[in-house]
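Whatever this is, show me its structure:
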Amino acid sequence: MAPSMLAIRETFASLVADGVPHNPRHESSQAADDSPLTAHHSQLANTAVSCKGVTKEFGANGTKTLALRGVDVDVSDGQLTLLVGPSGCGKTTLISIVAGLLNPTEGSVEVLGADLAKLSGRGLVEFRAKNIGFVFQQYNLLPALSAAENAAVPLIINGWPRKKAFAKARAMLATVGLSHRADNFPSQLSGGEQQRVAIARALINEPRLLVCDEPTSALDAKSGHTVMELIKQVAVQPGRAVIVVTHDSRVFEFGDRIVEMSDGRISSDQANVAA
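Got it, this is the predicted structure:
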């Protein structure tokens, strides 16, 4: 029996919200700040993300840890930007701030023309749902749902009729080469296939920013290569920026640009001549 709409909403909401910190600054923003759900153009039309002087501290008093130390970085649309560096260098903290899951301690963050600091809690959630797609390291598929149902979840949560949502999900699965697996459950799929379902789910709302956190780290070399080829071919297009966080040097060839981090700072930022 298909799960109820309420069950889907509650399960997916808890999945996405798990580990997201409480955001009192956003809750205290003015109601007028709820409005910029569709991002307007920023000063540079091809700049999707702009971080200026971003720092992030965790802890308090003598236990403070400085995770980001004045990060300045821009991300352009129409490109696949690789954010690389060793574990603990600040990559995940930075993309969490870009996605509005964390507040910076200092600095400014503009995403798709919207200043995230000016969005209230509800406005930020709606902005994220409309404009940002996520691909996680561990897929985060719902085990009781088929591939098509998993891909359709964002549409169902946003109120699409089930028939229409599932039709679009099947079309998206065909785009990622999984039309023959649409009715299979995650347990019946390989790791690479599960990640392709996750990519279909991330793209089904046609986001203008796609954030991928270590999308190949749980995959073998061949599957990882296939996933990155797919992200490069399907996700990267004019009007959409793609950020891939990785320490997997096997996939560096796919980046249009490689931004390297070290000890909470940008240590290198250059076009990838091998792309």
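
just to confirm, which helix or strand has Val197 in it?
In this structure, Val197 sits in helix 191-203 according to DSSP states H and E.

The helix or strand following that helix packs against which elements?
Next along the chain after helix 191-203, taking DSSP H and E as the criterion, comes strand 209-213. Applying 3 or more C-beta pairs under 8 Å, 6 or more residues apart in numbering; DSSP states H and E, one finds that strand 209-213 contacts helix 91-98, strand 132-135, helix 191-203, strand 241-246. From N, CA and C alone the C-beta is placed, and that goes for glycine too.

residues in contact with the helix holding Val197?
133-136, 139-141, 147, 150-151, 153-154, 169, 172-173, 175-178, 181, 186, 189, 210, 212, 215-216, 218-220, 222-224, 226-227, 230-231, 234-235 (C-beta atoms under 8 Å, 6 or more residues apart in numbering).

and the closest residue to Lys91 other than its chain neighbours, what does it touch?
With sequence-adjacent residues excluded and distances taken as C-beta to C-beta, 6 or more residues apart in numbering, Lys91 is closest to Val245, at 4.8 Å. Residues counted as contacts of Val245 (C-beta under 8 Å, 6+ apart) are Leu83, Val84, Lys91, Thr92, Ile95, Val211, Cys212, Asp213, Glu214.

The residue nearest to Pro207 when sequence neighbours are not counted and Val71, how far apart?
Distances taken as C-beta to C-beta, 6+ apart place Gly133 nearest to Pro207, at 3.8 Å, with adjacent residues excluded. Gly133 sits 22 Å away from Val71, going by C-beta to C-beta, to the nearest Å.

Check Gly107 too.
7 Å.

what does Gly53 give?
From Gly53 to Val71 the distance is 8 Å (C-beta to C-beta).

Repeat that for Ile266.
For Ile266, the distance to Val71 - C-beta to C-beta - is 6 Å.

neighbour-wise, which of the two wins?
Val71 (24 against 20; other C-beta atoms under 10 Å).

Name the strands paired with the strand or helix carrying the more buried one and say parallel or antiparallel.
Per DSSP H and E: Val71 is located in strand 65-76. Applying DSSP bridges to the sheet, strand 65-76 is found paired with strand 47-58 (antiparallel).
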